[in-house]
Structures are given as structure tokens and as C-alpha cells.
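Student: curious how this folds, go ahead:
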Amino acid sequence: APTQTVYSQGDTAQGSYIARKKYKSDGKGVKLGILSDSYNNHWGAETGVMNGELPGPKNPYGYKKPVKVLSDMEAGGIDEGRAMAEIVHDVAPGAEIAFHTADFGQAAFAQGILELANIGCQVIVDDIFYLDEPYFQDGIIAQAIDKVVKKGVTYFTAAGNSSNNSYEMNYKPSGFEPMGPGWGTAHNFAAPGATPIYQQPIFIPSGGRFTVGLQWDDPFYSVGGSGAETDLDLLIFDNLGNLRYASMYSNIGSDPFELIGFFNNTPNTTFFVSILKYEGPNPSRVKYVMFDEGSFYYNVPVPGQFAPSIVGHSNSAGAISTAAAFYKATPAYGQQVPLIEGFSSLGGTMIYFDNEGIRIPAILRKKPDITAPDGGNTSFFFRDDADDTDASPNFYGTSAAAPHAAAAAALMIDAQKLNTLTPSQIRGIMATKTYDMDNRYAAGFEKGFDYNTGTGLIRAEQSVGEVKFPNLYIKNLELVSLCSDDPAKTRNWKVVNPNPFEVKAHWFLTGFGQDNKSYLPPGDTYFTTQTGYYRNKVVPNIVILDWEDNFGFTRFDLASATANECKNDQAATQVLSAGDKVALVKEKPVKPEIADVFPNPSHSQFKLYLSLNTPGKADITLFTESGKLLYRNNVPGSGIYDIDASNYKPGLYLMKIQQGSFTRTIKVIKQ
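Tutor: Now for the predicted structure:
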């Protein structure tokens, strides 16, 4: 018989235990991949299976599919990957688990992501960060993430545990040479007009480990760019002014990166950072992140301190970057507003280069995306928290939060049953079904998204409930006609996407060759059509918008363009999801009732476009000019209907549409 199985309290904190019971979802049929240091370097996996901590042939609860290990460290790991697997198995016990080490370098990490996707992992989670990943550009790991996400994999990553222990500022040159002539000039940390500061004070506890990585806004050669144009160096001085550590690599044509790491084996706790430019043009931006135990002095104000520390692939567009909240500091354990862990990394790092190292307009990504619980029990990792009442080790950090969230995504996929949930849908739904949290670094309570907690602590029971079969969770899009600067030439439109995720949609102008297929982001998307003419006369300009719901059924909306001219309104530029730019005047949304026939005249059939304001059925009748009834049908008040006129003689006919008090008669001509 197994010893008592250990369960993570995070399962309760995020409500996934409720989701399993309420919606009968345990992740069955879902494969989840894990990337971390090692899985079984300490030979505990078999015991974990027998005790019900992991799936495998000897699992006492019937979860017999073993963890598929694609690659593991031979030695030297701490089996953090197995601890993550225990969390995944607690939350989604029916899910299959695969593992690949991420400890053999960035290229092997990126390859591991692709390999996990290739064996069918629908969800992947990692907790590894390489110190030399680019800050201002997507490195090879981030690019691999984006690649698998485009193929339908939902990817979670630990946001990081560096709090706001980062410095970032515009580079400020000086003529000061702290190491003497020829060794480089110092960056000035001071505010404009203030007394120069060439050495920035930091705190490193005695006996503490300190790691700092410096980067600047040059492209990375190792990612495929041209490499750095500038050579900067990083120096650490002690409190007596002695140079203790230096990183002075030759950067030009290589990567814009310097790294220092050491243990502070002295009683001194105050050190000083200097940044020197050895050669090359002045960079625009410099940034360093302190990992491990370094921090700033709050009573020494230096502009640029306490900057974002979410960098590298944790800041990638495709990944769901996950912050951490201690499980006891959540509503399930009596804390009404969940509290973010003090170490959880701050987001807001800009991207300045594309994948080829070409400078682009700065991109600000909204990271972290969400918060998930940490500090729960595992059977072996890492150490027991003296404050809890059991003897099981507690797993802290965003490394523990990310697998909680990833396993909740597996529950969503299982509950949806159709296996059509997209990464965008999982991200959007999970990010809207949350407990709002406060940004600990901002004054006042920031409602909704913030760069410390994302959109808040996930509520798995709500996320799973939202997508559970047969729920219709893709809400209808809406097409709205807007005024135009010159209605004789162009007509303006807006699509409203009320979903918290992108929706693949298609619009076309009926009777003309104008159309577009694109993914519409949440909120409003704008586009413009050229005004349609028939025989030199403006005809009803009707746009049809169609998309698929989550069951694969096509849904649509249609609108007729208003001929209203926008007067005395300032033009604004809106960017379409398709990448086009449209000069768009101030909105004057119009949603008129539509009852139009096009083309008219017609040789064979009349196509009726109908969009009435009430959902009831409408009565459609067709008469000859003398009043003889030829056709009658009762149809929904919104739709496109073909009326066969191939057997009618050429001439004038009258089509009547009636619904309640709405009546319209249209003259149609059969040629």
C-alpha cells in the first residue's frame, strides 16, 4: 500500500479541485510537456509512482501511463522537473506527462520545446531561464515557443523570481575614466543636472550569492543579427573602492552582454556597480538584472532603479508568463484579495529588435499574463516550511506557479471535449477568470491587468466551466458601419470582438472583390472598403462578416454602409489586424436595419440580405407587378436568402418584407 499521497495546496488555492469534481475533468486525453533541470537524477521517480505522486504502471489510483522522458541530465540536477510533474499530476491526474531537460544550453532548450510539441504535447511548461537570453530581442528559446504556439500548443513559463531588482535607463555618457586612461568612460547614473554618479550602490547580504547580467540595445549575433556595435564593460567595487569583479568581454560583432556572479564571503554588504564604454557609439538604452540575492537601497534614489525584470523567453509573445502567489494568501485560505509573492518578477521590458536583429518600433508586452499559486507541498522538493503543520517539503517560486496553471489548461482541454481550444482562447479565458490582485509596486489598487500580477490569480473552476462541452464560449462578433470622410469613395467599418481572445474571421463586400481574412484581436478592429457602384450608381454597400463558433458552425453578421459624411471631426489612424493602416474619422456608429436585394437587376436569382433589429421571423413575399403572389417564405430576421427567379419572365416584381411593425417593399427586376 502507498504511503499517504502528498497533494499541493495550490490545487485548492486555484480552484482546480472544484473543476475536477464539478465538471468531471481530470486532463484525460491531454499530453503535457515539462522542461526543467532534471527528472530522476535522485532516483525518486519510481517511489513517487508507487505513492501516487506520479503516473506510471505501479500508480495505486489507476493512472498507469508512465512519464515519457525524452532527455534527462546524467547527474547534477535537483529533479525540479519531477517536482513540477507532481504538481501537474495533483491538478490534472489524467493527463499524460512528458519531460525534456532544458539544462544543455539554449539551443538544446529550444530543440526540446520542438520535440515535446512533435510528440503531441498540447500544453508545455518550463521554469528554466538562461542568463544570456536577450532582453530586448526574442532569442532562440522565445522563437521556438512562438513556433509551437502557432501550431496550437499552449505554452506556460515561469515569470521569474527577480522582483524589481533591475536597473534600466537611457545611456548617459561621461568623460570620467575610473580605471585610468584607455580603459573606458563611465556611464553616469545620475539624473540630468544632478551631481554625477559613476558607481551605483547595491546591497548583497554577507554569505549571499549575487549574479548580474548587463545588456544594451544592440542586436544579438547569436540570434542571427549583426552583433553589437558597442563594447561595454561591467565592474563591481567594494565599499572601500577596490575593484572586486569585472566582466570585460569584447562585444563588438558579438552579443551585447556582460555577466558577473559571485558569493559574498565578506562581512561587507555594500557594493557598487559601474558601467564603462570601451569603444563604439553610445547605446540608447542600458539594462541590468540582479538575480539571486542582490537588491537596491531604497534610501539612495537613482533614476532607473526598480525596473522590470521579466526578460528573455518569459517575456515572449507566445508564452503565458506566470507570476506567483503564496497559496495561503488566496481567497480559498481566507485572504480576500490574493497577495503576490515579493520575489515575483515585474514585467514591462521593451522589445527593440525583430528576430533578424533589425531595429523596430518598441513593443511593450503585457507580462506577466496571470498569477498562480506556489508554496504547496510536494513529496520531496524543496524543503519544509516551518510555518505549516505538516512535514512535507514546500515548493516556492514561479517555478511552482507555472505548472499549476499549465495543468489547469489541461483540465480546460479535457472539459471542452472537441480538442479545438486554441492557445489564444486558453490564455484569454484563463486571464479573464481571475481574482484581481494589486501591483505591490504601484500606488493605489490597479484594477485589471498590471505588470506585477497580470490579470490576477487564476480561477480554474471558472475557466473550465466556461469551455465545458457543450458551452458556446465564442461570443458573436458585431459589424458596425461608420461615417466616412468621402462616402462617394470609401466606407468605414468596425468589428467588435467581445471575446478575450482572437477570433479568425472573414469579411467581404457583397458583389465586389473586396475581402479579408485575419485574426481579430479582442476589442475593436477597423477597416475600409471602396464604395461599390453598379452602372455608375452607388448600390447598397453591404459587408458580410463570418466566423466559426467553437463547434465549427459558421456564424455571421452583416451591415449596410452608411452614406454619412464625417464633418468637423479630427482624423485618427487605426491599425487593422491585417496590418493595413486606415485614416479613420471619429466614430459615428450606425446599425440600421437591412433589407436589400443585390444584384438588382438579376438574370436568375434574387439574393436578399436581411438584418432586422428583432430576432423573430420575417414574412417574405414576391408579387408580379399586377399583384399575383409568386413566392412566400417565413425566415429568421437575420440571414442571406436566395430566391430562385430562373422561371420568371423578364420584368418588374415586388418583394415585400414584413416583421411586426417593420415593412419594406423592394422593386426587383428580372432580366
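Student: what ranges do the helices span in the stretch 251-400 of the chain?
Tutor: 398-416 (DSSP state H, counting those that start in this stretch).
Student: the chain now?
Tutor: Counting by DSSP state H, the chain has these helices, from start to end: 10-13, 16-23, 45-50, 80-91, 106-118, 140-150, 398-416, 423-432, 460-467.
Student: so can I have JSON lines of these showing mean pLDDT and mean neighbour count?
Tutor: For the C-beta atoms, the positions are set from N, CA and C on the backbone; glycine is no exception. Below are these laid out as JSON lines (pLDDT from 0 to 100; neighbours: other C-beta atoms under 10 Å):
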{"stretch": "helix 10-13", "mean pLDDT": "98", "mean neighbour count": "26"}
{"stretch": "helix 16-23", "mean pLDDT": "98", "mean neighbour count": "20"}
{"stretch": "helix 45-50", "mean pLDDT": "97", "mean neighbour count": "19"}
{"stretch": "helix 80-91", "mean pLDDT": "99", "mean neighbour count": "29"}
{"stretch": "helix 106-118", "mean pLDDT": "99", "mean neighbour count": "19"}
{"stretch": "helix 140-150", "mean pLDDT": "99", "mean neighbour count": "21"}
{"stretch": "helix 398-416", "mean pLDDT": "99", "mean neighbour count": "30"}
{"stretch": "helix 423-432", "mean pLDDT": "98", "mean neighbour count": "23"}
{"stretch": "helix 460-467", "mean pLDDT": "98", "mean neighbour count": "23"}
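Student: run a quick neighbour tally on the spatially closest residue to residue 235 that is not a sequence neighbour.
Tutor: Here the nearest residue to residue 235 in space, its sequence neighbours aside, is residue 274; by C-beta to C-beta, 6 or more residues apart in numbering that works out to 4.3 Å. Look at residue 274: counted by other C-beta atoms under 10 Å, it has 22 neighbours.
Student: again with residue 364
Tutor: 12.
Student: the residue nearest to it when sequence neighbours are not counted: neighbouring residues, count only.
Tutor: Of all residues not flanking residue 364 in the chain, residue 350 sits nearest, at 5.8 Å (C-beta to C-beta, 6+ apart). Look at residue 350: counted by other C-beta under 10 Å, it has 17 neighbours.
Student: what's residue 350 in contact with, if anything?
Tutor: Contacts of residue 350 were listed using C-beta atoms under 8 Å, 6 or more residues apart in numbering, and they are 136, 285, 362-364.
Student: ChimeraX command to pick out the buried ones of those?
Tutor: Applying 16 or more other C-beta atoms under 10 Å to those, the buried members can be selected in ChimeraX as follows:
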select :136,285
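Student: what's the domain layout of the chain?
Tutor: In terms of domains, the chain is parsed into 9-161+312-328+370-439, 166-296, 478-560, 594-638+645-670 (source: the TED database).
Student: quick one: the residue nearest to residue 268 when sequence neighbours are not counted from residue 275, how far?
Tutor: In space, residue 268 comes closest to residue 239 once its chain neighbours are excluded; the distance is 5.2 Å by C-beta to C-beta, 6+ apart. Here residue 239 is placed at a distance of 19 Å from residue 275 (C-beta to C-beta, to the nearest Å).
Student: of the two, who's got more company?
Tutor: Comparing residue 239 with residue 275 by neighbour count (other C-beta under 10 Å), the higher total belongs to residue 275, at 27 against 12.
Student: what's the separation between the residue nearest to residue 364 and residue 361?
Tutor: Taken as C-beta to C-beta, the span from residue 350 to residue 361 is 10 Å.
Student: so what's the closest residue to residue 128 other than its chain neighbours up against?
Tutor: Spatial nearest neighbour of residue 128, excluding adjacent residues (C-beta to C-beta, 6+ apart): residue 102 at 4.0 Å. Neighbouring residues of residue 102 by C-beta under 8 Å, 6+ apart: 35-37, 108-109, 112, 126, 128.
Student: one step back: which of the helices of the chain sits closest to residue 486?
Tutor: helix 423-432 (36.0 Å; C-beta to C-beta).
Student: then the closest one to PDB, C-alphas only?
Tutor: Below are the C-alpha coordinates for helix 423-432, written out as PDB (Å, rounded to 0.1, in the frame of the first residue of the first chain):
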ATOM      1  CA  PRO A 423      -3.700  28.800 -27.200                       C
ATOM      2  CA  SER A 424      -5.300  32.300 -27.600                       C
ATOM      3  CA  GLN A 425      -8.600  31.000 -26.200                       C
ATOM      4  CA  ILE A 426      -7.000  29.300 -23.200                       C
ATOM      5  CA  ARG A 427      -4.900  32.400 -22.500                       C
ATOM      6  CA  GLY A 428      -7.800  34.800 -22.900                       C
ATOM      7  CA  ILE A 429     -10.300  32.800 -20.900                       C
ATOM      8  CA  MET A 430      -7.900  31.900 -18.100                       C
ATOM      9  CA  ALA A 431      -6.800  35.600 -17.900                       C
ATOM     10  CA  THR A 432     -10.400  36.800 -17.500                       C
END
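Student: now do it and helix 398-416, the angle between them.
Tutor: Between helix 423-432 and helix 398-416, the angle comes out at 110 degrees (axes from the mean of the first three to the mean of the last three C-alpha atoms, to 10 degrees).
Student: which secondary structure elements does helix 423-432 sit against?
Tutor: For helix 423-432, the packing partners by 3 or more C-beta pairs under 8 Å, 6 or more residues apart in numbering; DSSP states H and E come out as strand 154-158, strand 320-326, helix 398-416, helix 460-467.
Student: to residue 83, which of these lies closest?
Tutor: Of those, the one closest to residue 83 (C-beta to C-beta) turns out to be helix 398-416, at 7.6 Å.
Student: distance from the chain centre to the closest one, please.
Tutor: Between the centre of helix 398-416 and the centre of its chain there are 15 Å (C-alpha atoms, centre = their mean, to the nearest Å).
Student: with stretch 182-199 instead?
Tutor: 38 Å.
Student: how about that stretch: buried residues?
Tutor: 184-190, 197-199.
Student: just put those in CSV and tack on pLDDT and distance to residue 311.
Tutor: CSV is the format used below for these (pLDDT from 0 to 100; distance: C-beta to C-beta, whole Å):
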residue, pLDDT, distance to residue 311
184, 96, 25
185, 98, 26
186, 98, 24
187, 98, 19
188, 98, 24
189, 98, 20
190, 96, 25
197, 96, 24
198, 97, 25
199, 97, 24
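Student: nearest to residue 216, out of the residues you listed: which one, please.
Tutor: Of these, the one sitting nearest to residue 216 (C-beta to C-beta) turns out to be residue 187, at 9.7 Å.
Student: many thanks, we can stop here.
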